[in-house]
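**Q** I need the structure of the sequence given here:
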Amino acid sequence: MLSIKHIDAFYGDVQVLFDINAEIREGELISIIGPNSAGKTTLLNSILGLVRVAKHGKESGIFFNSTDLTSMRTEKIIAQGIAIVPEGARVFPDMSVYDNLYLGGYTRKDRTEETMEEVFDVFPRLKERLTQQAKTLSGGERQMLCIGRALMSKPRLIVFDEPSLGLQPSIVLQIFDVIKRIHENGVTILLVEQNVYHTLTITERTYVLEHGRIIIEGKSSALIGDDYVKRTYLAI
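**A** All right, here's what the predicted structure looks like:
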């Protein structure tokens, strides 16, 4: 579904990613882990067309269902069937919960209300706060709204950028449960997270990104027992 083949990424003249290769097959729940400043968000921004990407040849690039995204504008990338849940539970603060959700389905021409009911099935609390301004919500509720907004476009792939950041532990567990539920409903998911233990327990495969390079990749269940991962990320 999503193939990243031999790409570099830059902010201005500064290279941040080096010869990245990753594959996400349809129906998978994949994670990318790594420390701060490893390049995780840059990789997501590369997928979304927000940073400059360089190829290592005509076969390289970022492909979604064989369509090359590398030089495509962000709005066209989103229209391919990709949704993002951004870091920091970013919502439109002065808009209502309803309007935030409605904007999430702007690429669709019909059945918006039906999809909104599906979102309420996942997040009943959003229905209770439908007319409230988003800035009045708690941190956990704003994250629910971000996820609900992504679901409104009926995406084939959802990219989560640090969805547990700044949330209470009990809310973090709820968010991970929701991610599993979305995946079980047939949506392919790429999860970027620093909560390594919970990430490894729910995902199928994981890439470890450090200093702009993928240094380890494999089944998540195996990486839980990997000595380097245990020492570096699990403090075991």
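**Q** show me where this protein has helices.
**A** For the chain, the helices defined by DSSP state H occupy 40-47, 74-79, 97-104, 112-122, 124-128, 139-151, 169-184, 196-202, 220-223, 227-233.
**Q** want to try TSV for these, with mean neighbour count as columns?
**A** (C-beta placed from N, C-alpha, C; glycine too.) TSV is the format used below for those (neighbours: other CB atoms under 10 Å):
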stretch	mean neighbour count
helix 40-47	23
helix 74-79	15
helix 97-104	20
helix 112-122	14
helix 124-128	15
helix 139-151	23
helix 169-184	16
helix 196-202	18
helix 220-223	18
helix 227-233	15
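**Q** right, and residue 131 touches residue 95 too?
**A** No. Under the contact definition of CB atoms under 8 Å, residue 131 does not touch residue 95, with a separation of 10.9 Å.
**Q** wait, which of the helices of the chain is closest to residue 211?
**A** Between residue 211 and the helices of the chain, the tightest spacing by CB to CB is seen for helix 40-47, at 11.6 Å.
**Q** so what secondary structure elements neighbour the closest one?
**A** In terms of contacts (3 or more CB pairs under 8 Å, 6 or more residues apart in numbering; DSSP states H and E), helix 40-47 is packed against strand 2-11, strand 14-24, strand 29-33, strand 157-161, strand 188-193.
**Q** what's stretch 211-225 in contact with?
**A** With contact meaning CB atoms under 8 Å, 6 or more residues apart in numbering, stretch 211-225 is reached by 15-22, 31, 38-39, 42, 197, 199-209, 226, 228-230, 234.
**Q** the more surrounded of residue 131 and residue 95?
**A** More crowded of residue 131 and residue 95, by other CB atoms under 10 Å: residue 95, with 15 against 9.
**Q** need the contact list for residue 145.
**A** 89, 91, 97, 100, 101, 123, 126, 134, 137.
**Q** how about low-confidence regions in the protein?
**A** 109, 111, 236 (pLDDT under 70).
**Q** Relative to residue 17, how far out is the residue lying closest to residue 189 once chain neighbours are set aside?
**A** The shortest distance from residue 189 to any non-neighbouring residue, by CB to CB, 6 or more residues apart in numbering, is to residue 29 (4.7 Å). For residue 29, the distance to residue 17 equals 22 Å [CB to CB, to the nearest Å].
**Q** Over to residue 138?
**A** From residue 138 to residue 17 the distance is 35 Å (CB to CB).
**Q** Ok, residue 125 next?
**A** 37 Å.
**Q** tell me which residues form a beta bridge with the residue lying closest to residue 3 once chain neighbours are set aside?
**A** Closest residue in space to residue 3, ignoring its immediate chain neighbours: residue 63 at 4.5 Å, by CB to CB, 6+ apart. Judged by DSSP bridges, the bridge partners of residue 63 are residue 3, residue 68.
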